[in-house]
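*Asks:* build me a model:
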Amino acid sequence: QIHVVESGGGAVQPGDSLRLSCETSGAVLPFSAVGWFRQVPGKEREGISCLGYIVNSTYYSDSVKGRFTISKDNTEMTWYLQMNNLIPEDTAIYYCAAANGVGTASYFCHSDMQFWGKGTLVTVSS
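*Replies:* A predicted model of the protein is given here:
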């Protein structure tokens, strides 16, 4: 059974940075794509950053481009989201997710991934 677990959320002030981590276990092979999504209560979930492995690509939504950076470790089973210059609009529950299949990072960030973590809360306020 595949497990996906996020960590690193918390409460910060505008302009601060946070690094989210996502660890997976139970997978036999690396995933085709991994990513980060976020959701504000009452709003739709948003795919904010994804990495495609088979189709080597990276995607960032306009809302985070230039401020957030997605990365992975050498095992390809752990990935990160470095979030800089946080703003109140970044307040949300952040989920990491993984999927198998063929597609670009943008495709996966706009689709329903197969494996999801339970989420970690990020709060940005002064």
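
*Asks:* and the pLDDT for the residue positioned nearest the centre of the chain?
*Replies:* Centroid-nearest residue in the chain: W36, 1.5 Å away (criterion: C-alpha atoms, centre = their mean). On the pLDDT scale, W36 is placed at 98.

*Asks:* list the beta-bridge partners for it.
*Replies:* Beta bridges link W36 to S49, C96 when assigned by DSSP bridges.

*Asks:* and it, what is it in contact with?
*Replies:* 20, 22, 47-50, 68, 70, 81, 94-97 (C-beta atoms under 8 Å, 6 or more residues apart in numbering). All C-beta atoms are positioned from the backbone trio N, CA, C, and that covers glycine.

*Asks:* what is the neighbour count of N100?
*Replies:* 15 (other C-beta atoms under 10 Å).

*Asks:* next up, the contacts around it.
*Replies:* F31, S32, Q114.

*Asks:* which of those residues has the most neighbours?
*Replies:* Comparing the contacts of N100 on neighbour count, F31 comes out first with 27 neighbours (neighbours: other C-beta under 10 Å).
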